[in-house]
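**Q** sequence first, then the predicted structure, then my questions.
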Amino acid sequence: MISKLARFASSPQGQRMAQKAMEKAKDPKTRQQVDDAREKLARKRGGSSGSGPASKPPEPGPDV
């Protein structure tokens with residue numbers, strides 16, 4: 001399976017697809033869509049996407 005992917009990636013068609021993907025990744029509109037999807041997924045899973053503001057550190061407890 002990996003060898004098939006490697007052959008495709010080095011083919012002219014694979015090179016064109018890679019170039020298109022890199023152009024899309026640089027597009028601010030596409031990046032915003034990815035960020036929105038990541039945040040939506042994080043909310044669904046109840047976690048943090050890690051790209052938002054840092055969470056507040058826990059309060060120190062009394063010394064015992």
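**A** It's in.
**Q** all helices for the chain, in order.
**A** Per DSSP state H, the chain carries helices over the ranges 2-10, 12-26, 28-45.
**Q** how about a markdown table for those, with mean pLDDT and mean neighbour count added?
**A** Heads up, the C-betas are built off the backbone N, CA and C, glycines and all. Output for these, formatted as a markdown table (pLDDT from 0 to 100; neighbours: other CB atoms under 10 Å):
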| stretch | mean pLDDT | mean neighbour count |
| --- | --- | --- |
| helix 2-10 | 94 | 10 |
| helix 12-26 | 94 | 11 |
| helix 28-45 | 93 | 11 |
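**Q** quick check: the spatially closest residue to residue 31 that is not a sequence neighbour vs residue 33, distance?
**A** Spatial nearest neighbour of residue 31, excluding adjacent residues (CB to CB, 6 or more residues apart in numbering): residue 25 at 7.3 Å. Between residue 25 and residue 33 the computed distance is 11 Å (CB to CB, to the nearest Å).
**Q** same deal with residue 26?
**A** Distance from residue 26 to residue 33, by CB to CB: 13 Å.
**Q** do the same with residue 6
**A** For residue 6, the distance to residue 33 equals 29 Å [CB to CB].
**Q** and residue 5, what does it touch?
**A** Contact analysis of residue 5 by CB atoms under 8 Å, 6 or more residues apart in numbering lists nothing.
**Q** run the last query once more with 10 Å
**A** For residue 5, the contact set (CB atoms under 10 Å, 6 or more residues apart in numbering) comprises residue 14.
**Q** alright, calling it a day.
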